[in-house]
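Peer 1: Mind folding the following:
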Amino acid sequence: MKQILFLCFFISAISLQAQTTYETKENIPYYSPQQINNDSYKESRCVLDLYYPTNKEDFATVVWFHGGGLSGGEKEIPSLLREKGIAVIGVNYRLHPKVSAPTYIEDAAAAVAWAFKNIENYGGDPSLIFVSGHSAGGYLASMIGLDKQYLKEFGVDANDIAGLIPFSGHAITHFTVRKERGIDGTTPVIDSLAPLYHVRKDAPPLLLITGDREKEMLGRYEENAYLMRMMKVVGHPETTLYEMDGYGHMMTHPAFPLLLNEIERITKMKQK
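Peer 2: Alright, predicted model coming up:
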């Protein structure tokens with residue numbers, strides 16, 4: 001009996017020891033001091049938080065951009081992405097009206113470039129960096145993943161992103177970008193600042209997730225459906241669209257399991 005109790009205690013101790021532990025590093029600048037160049041707003045906003053496993057190697061990373069219409073919002077580590085064996089990078093970026101397009105897109109690219117150049121120092125696998133975000137954050141994820149010029153400025157090939165997973169992001173030109181030009185938010189525009197403008201066959205795997213088309217804002221589902229269709233037309237092999245029935249624009253809670261499933265799918269595929 002004593003031997004059995006000792007064995008149970010030993011197994012429990014091993015199990016406890018094997019549990020993944022996590023750490024958060026906050027307010028890491030993703031621009032160099034030279035790139036900040038004494039710009040106080042850039043210095044205060046262009047920071048990220050890194051949440052990562054401390055006793056695991058070669059983990060995947062999600063770079064997460066907050067929503068807020070490109071004019072509000074704060075970096076976050078979504079609770080449903082915690083303790084999942086992955087790293088999460090929550091990013092702040094500069095906002096309208098203090099800046100205008102394409103500054104916030106450039107900031108998004110700089111943050112993703114930081115992940116590529118630094119995640120290995122924390123134990124992560126740079127070939128397993130996924131880019132995601134909600135609403136304005138989804139727009140930023142799509143823009144830097146489809147228009148290769150932004151990451152190229154930082155010496156990164158957008159095709160090295162393991163997967164793009166925008167949540168309810170604009171596929172047309174963002175309404176704040178249109179506002180900056182004096183264009184009404186109900187007037188659709190597709191130009192170089194629209195993810196749809198940059199459809200291409202060789203882009204990373206693209207998982208589009210939106211709320212219910214009858215509950216979403218301003219035709220968001222239909223924009224993403226058009227992006228999905230055009231990606232397939234140009235021959236992109238891995239574009240998928242999910243519509244979260246019954247959920248409106250704030251559809252993140254039921255969408256996070258889809259993001260995690262996509263990370264698992266691509267991770268297994270890369271490790272074969």
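
Peer 1: so where does residue 143 fall, helix or strand?
Peer 2: Using DSSP states H and E, residue 143 maps to helix 136-146.

Peer 1: what is the mean pLDDT for the very next helix or strand once past that helix?
Peer 2: Once the chain leaves helix 136-146, the next helix or strand it forms, by DSSP H and E, is helix 149-152. The predicted model assigns helix 149-152 a mean pLDDT of 98.

Peer 1: Stretch 238-256 now?
Peer 2: Across stretch 238-256, the average pLDDT comes to 98.

Peer 1: Run a quick neighbour tally on residue 233.
Peer 2: Residues near residue 233, counting by other Cβ atoms under 10 Å, number 10. Bear in mind the C-beta positions are built from the backbone N, C-alpha and C, glycine included.

Peer 1: Report pLDDT for it.
Peer 2: Residue-level confidence at residue 233 comes out at 98, pLDDT.

Peer 1: quick one: the closest residue to it other than its chain neighbours from residue 142, how far?
Peer 2: Spatial nearest neighbour of residue 233, chain neighbours left out: residue 199 (7.7 Å); criterion: Cβ to Cβ, 6 or more residues apart in numbering. Separation of residue 199 from residue 142 (Cβ to Cβ, to the nearest Å) stands at 10 Å.

Peer 1: Kindly report the same for residue 110.
Peer 2: Residue 110 is 17 Å from residue 142, where distance means Cβ to Cβ.

Peer 1: Would you mind listing the residues touching both of residue 199 and residue 142?
Peer 2: Here residue 199 and residue 142 have residue 227 as joint contacts, going by Cβ atoms under 8 Å, 6 or more residues apart in numbering.

Peer 1: Settle it for me: which of those two has more neighbours?
Peer 2: Shown here are residue 199 and residue 142; by other Cβ under 10 Å, residue 142 has more neighbours (27 against 23).

Peer 1: tally of neighbours for the closest residue in space to the more buried one that isn't next to it in sequence?
Peer 2: Sequence neighbours aside, residue 195 is the residue nearest to residue 142 in space, at 3.8 Å (criterion: Cβ to Cβ, 6+ apart). Per other Cβ under 10 Å, the neighbour tally for residue 195 reads 33.

Peer 1: From residue 105, how far off is residue 195?
Peer 2: Noted for residue 195: a distance of 11 Å to residue 105, by Cβ to Cβ.

Peer 1: Now do the shared contacts for those two.
Peer 2: residue 143.

Peer 1: so what's residue 242 closest to, chain neighbours aside?
Peer 2: In this structure, residue 242 finds its nearest non-sequential neighbour in residue 209, 4.7 Å apart by Cβ to Cβ, 6+ apart.
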